[in-house]
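Novice: sequence-free structure coming up:
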Ligand code: HEM
């Protein structure tokens with residue numbers, strides 16, 4: 001058990017103040033497995049590739065997501081990964097049907113189109129606030145990929161996306177049940193989202209359209225039955241939530257890192273020029289070849305992971321590294337600690353995409369930006385593709401320069417590690 005816990009609240013103050021330093025303190029003091037308490041809940045922290053592999057390879061019956069992610073179920077109900085193992089088995093095929101190879105082939109041109117329209121609007125030179133711009137682009141991509149242009153606009157006008165600010169602001173794994181104003185706003189946002197989606201579901205039942213949303217309506221679940229309306233609405237709302245803040249944050253950080261790192265930026269720009277040339281669209285062949293961009297996105301995922309902690313409940317006593325972790329405890333992995341272990345990532349605090357292109361670092365469970373095992377992020381390819389397309393088209397067109405000094409850019413603590421407001425100046429490349 002890590003020292004410093006207080007009666008009842010345990011380590012909550014230190015945990016909330018700065019997770020990264022907190023986990024590092026535990027790792028340096030006790031190694032890869034140690035205990036903490038958060039508001040009376042005992043938790044074992046697991047740090048290191050073997051321990052993380054154990055975490056991700058365990059089944060839902062051994063390590064369950066249901067209780068630790070109740071704060072998310074408060075927003076979206078007990079769907080898929082927020083429900084029991086039985087619910088997850090039923091919903092998983094529907095979840096994955098949205099991200100098949102065929103579906104991805106349809107999303108790819110939409111992503112390029114959204115980014116090109118944005119670049120067109122930016123003109124030859126100017127200054128933007130990057131974090132807001134990325135949040136806008138990511139919503140636009142998700143809306144247009146899954147709903148099509150027209151319905152996306154309609155939902156936007158009805159206030160669909162506006163509700164997500166209240167949802168993001170309410171992310172809190174510990175206090176989510178208290179009658180605080182932020183949770184009341186969360187509940188109101190959840191009801192508003194359902195009220196907006198229900199007429200769309202009814203409309204689509206009468207008149208099907210060939211897009212991602214329709215898949216949710218028609219794809220049979222694990223028992224061969226289509227999902228009920230309420231589950232469809234919750235599913236869609238949850239997917240948009242899982243995808244937009246995370247991707248927006250990492251896209252913004254990826255651009256910040258590249259703007260701040262001339263050597264890798266040059267590699268990226270040369271690569272885009274030779275692989276993509278003047279093509280307006282980034283296709284799947286380009287995607288395979290833009291290795292410097294892939295590495296830049298990966299390195300950002302390592303340094304600024306969107307999900308800082310992943311949690312499960314121990315359902316049956318387990319033994320790990322000689323410790324018994326009893327049923328009822330939670331186990332937690334932390335990207336904030338795992339991605340900075342010098343044994344696995346050389347000079348871990350440095351931005352260095354070459355660790356992936358030249359040194360083969362992070363090939364196993366050392367790198368857990370998107371989780372791993374059964375619950376590995378369903379939207380990983382979608383998010384990576386989107387971030388790569390944004391970077392490729394943006395850096396092909398412009399030279400970028402940080403107006404907000406790099407050292408002053410912090411992490412906007414709201415569950416997704418988005419950068420604080422960051423101004424960037426751009427001008428056409430010659
Ligand atoms: C950079 C962007 C993203 C990051 C860093 C990210 C990260 C993660 C992580 C770490 C998990 C595992 C959670 C756990 O094991 O407890 C996860 C799961 C998940 N993510 Fe993402 N995600 C991103 C984008 C997306 C997008 C774009 C979508 C969909 C539109 C999405 C949908 C999901 C879903 C549905 C799960 C649950 C999978 C399951 O339980 O089977 N994510 N994500």
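Specialist: Arrived safely, thanks for sending. Everything quoted here is computed from the prediction, not taken from an experiment. Numbers count the residues shown, from 1 in each chain.

Novice: what comes into contact with the helix or strand containing residue 107?
Specialist: Secondary structure here is read from DSSP states H and E; on that basis residue 107 sits in helix 101-122. With contact meaning C-beta atoms under 8 Å, 6 or more residues apart in numbering, helix 101-122 is reached by 97, 128, 133, 137, 140-141, 144-145, 212, 215, 280-284, 287, 381-382, 385-386, 389-390, 393-394, 397-398, 426. Backbone N, C-alpha and C define where each C-beta goes, glycine included.

Novice: what's the burial count for the residue in the chain positioned nearest to the ligand?
Specialist: Using C-beta to the nearest ligand atom, the point where the chain gets nearest to the ligand is residue 379, with a distance of 2.1 Å. Counted by other C-beta atoms under 10 Å, the residues lying close to residue 379 total 19.

Novice: ok, now residue 165?
Specialist: Residue 165 has 14 neighbouring residues, counting by other C-beta under 10 Å.

Novice: which residues sit in contact with it?
Specialist: For residue 165, counting by C-beta under 8 Å, 6+ apart, there are no contacting residues.

Novice: part of a strand, is it?
Specialist: No - secondary structure of residue 165 (DSSP: H, G, I helix; E, B strand; the rest coil): helix, not part of a strand.

Novice: any idea how far residue 134 is from it?
Specialist: Note on residue 165: its distance to residue 134, by C-beta to C-beta, to the nearest Å, is 15 Å.

Novice: wait, residue 170 sits on residue 184?
Specialist: No - under the contact definition of C-beta atoms under 8 Å, residue 170 does not touch residue 184, with a separation of 9.2 Å.

Novice: Give me the more crowded residue out of those two.
Specialist: The residue with more neighbours, out of residue 170 and residue 184, is residue 170; 24 against 12, by other C-beta under 10 Å.

Novice: Next, work out how far apart the more buried one and residue 194 are.
Specialist: Counting by C-beta to C-beta, the separation of residue 170 from residue 194 is 16 Å.

Novice: what distance separates the start and the end of stretch 325-334?
Specialist: Terminal residues of stretch 325-334 lie 18 Å apart, using C-alpha to C-alpha, to the nearest Å.

Novice: List the buried residues for it?
Specialist: Neighbour-count burial for stretch 325-334, counted by 16 or more other C-beta atoms under 10 Å, picks out 325, 329-334.

Novice: who in the protein is up against the ligand?
Specialist: 81, 95, 239, 242-243, 246-247, 250, 306-307, 310, 369-371, 375, 377-379, 382-383 (C-beta under 6 Å from any ligand atom).

Novice: Drop the exposed ones from those and show what's left.
Specialist: Among the residues of the chain next to the ligand, those buried by neighbour count (16+ other C-beta under 10 Å) are 81, 95, 239, 242-243, 246-247, 250, 306-307, 310, 369-371, 375, 377-379, 382-383.

Novice: Can you tell me which of the buried residues of stretch 325-334 end up in strands?
Specialist: When the buried residues of stretch 325-334 are checked against strands (DSSP state E), the matches are 325, 330-334.

Novice: Now do the SS call for the residue nearest to residue 366 when sequence neighbours are not counted.
Specialist: Leaving out its chain neighbours, the residue that sits closest to residue 366 by C-beta to C-beta, 6 or more residues apart in numbering is residue 344, at 4.2 Å. Residue 344 carries the three-state label coil when classified by three-state DSSP.

Novice: What does the pLDDT read for residue 344?
Specialist: Reading off the per-residue confidence, residue 344 sits at a pLDDT of 95.

Novice: By mean pLDDT, point me to the weakest helix or strand of this protein.
Specialist: Every helix and strand of the chain was ranked by mean pLDDT, DSSP states H and E. The lowest is strand 411-412, at a mean of 84.

Novice: helices or strands next to that strand in the packing?
Specialist: Contacts of strand 411-412 with other secondary structure elements, assessed using 3 or more C-beta pairs under 8 Å, 6 or more residues apart in numbering; DSSP states H and E, are made with strand 418-419.

Novice: So which residues make contact with the strand it packs on?
Specialist: By C-beta under 8 Å, 6+ apart, the residues outside strand 418-419 that reach it are 130-131, 135, 245, 248-249, 252-253, 256, 304, 409-412.

Novice: Which of the contacts of helix 101-122 fall within strands?
Specialist: Assignment to strands by DSSP E places the following of the contacts of helix 101-122 there: 128, 398, 426.

Novice: nearest spatial neighbour of residue 192, skipping sequence neighbours?
Specialist: Taking C-beta to C-beta, 6+ apart, and ignoring the residues beside it in sequence, residue 192 has residue 163 as its nearest neighbour in space, at 5.3 Å.

Novice: Show me how far the helix or strand hosting residue 337 is from its chain's centre.
Specialist: Secondary structure here is read from DSSP H and E; on that basis residue 337 sits in helix 335-338. Here helix 335-338 is found 15 Å from its chain centre; the criterion is C-alpha atoms, centre = their mean, to the nearest Å.

Novice: same for the helix or strand just after that helix, what does it pack against?
Specialist: Next helix or strand after helix 335-338 toward the C-terminus (DSSP H and E): helix 354-357. Taking 3+ C-beta pairs under 8 Å, 6+ apart as the contact definition, the neighbouring helices and strands of helix 354-357 are helix 291-303.
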